[in-house]
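J.: From the sequence below, what's the structure:
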Amino acid sequence: MCEKTEKQYELDKRYLRMAAVWAENSYCKRRQVGALIVKDQMIISDGYNGTPAGFENICEDENNVTKPYVLHAEANAITKVAASSNSSKGATIYVTSAPCIECAKLIIQSGIKRVVYSEKYRMEDGCNLLHRAGISIEYIDINE
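T.: Here you go, the predicted model:
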């Protein structure tokens, strides 16, 4: 690995570890996911999975099924940056889990050009859509 690639790899792992720490803010019991949007080596947005602002912080119903209005970490990070003066065009999103198809659509529309994730998801349709859109997708095991 060349020096720049090795340096980027180590930086990617750091941001993924930070996203994992951010996921700890989630009140979801079944799964906690965190996301960071980085542009020009600055974190411009963050998110974790949870209920919309103003809702109770309970993500699952009495049958332990995720409520349909729970937002994914990527959606929270993207909508947060959209409400700011920052632009996600050309940015990288670091997320603890591979994006689902719905989040992949948001990533494409937001102008993010690179996705780095640390946990594979049971379905690959989100990653397949990102690949089709020409967005760079990288899996990194942060425990290596």
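
J.: How about the contacts made by residue 133?
T.: By C-beta atoms under 8 Å, 6 or more residues apart in numbering, the residues touching residue 133 are 104, 108. C-beta here means a position set from N, CA and C on the backbone, and glycine is covered the same way.

J.: distance of it from residue 20?
T.: 26 Å (C-beta to C-beta, to the nearest Å).

J.: now swap in residue 55 and tell me
T.: Distance from residue 55 to residue 20, by C-beta to C-beta: 24 Å.

J.: In terms of neighbours, single out the busier of the two.
T.: residue 20 (18 against 13; other C-beta atoms under 10 Å).

J.: Now the helix of greatest length in the chain: buried residues?
T.: Scanning the chain for the longest helix, with DSSP state H as the assignment, gives helix 3-23. For helix 3-23, a neighbour-count test (16 or more other C-beta atoms under 10 Å) marks 12, 13, 15, 16, 17, 18, 19, 20, 22, 23 as buried.

J.: so the last one makes contact with residue 33?
T.: Read it as residue 23. Yes - the pair residue 23 and residue 33 passes the contact test of C-beta atoms under 8 Å, sitting 5.4 Å apart.

J.: what residues are shared contacts of these two?
T.: In contact with both residue 23 and residue 33: 48, 49, 73, 96, using C-beta under 8 Å, 6+ apart.

J.: any idea of the pLDDT on the second one?
T.: At residue 49, the predicted lDDT confidence score is 97.

J.: What residues does residue 18 make contact with?
T.: 34, 36, 43, 94.

J.: Quick check: it vs residue 26, distance?
T.: In this view, residue 18 and residue 26 are 15 Å apart by C-beta to C-beta.

J.: Tell me which helix or strand comes right after the host helix or strand of residue 131.
T.: Secondary structure from DSSP states H and E places residue 131 in helix 125-132. Once helix 125-132 ends, the next helix or strand along the chain (criterion: DSSP H and E) is strand 136-139.

J.: Neighbouring strands of that next one in the sheet, and parallel or not?
T.: With DSSP bridges as the test, strand 136-139 is paired with strand 114-117 (parallel).
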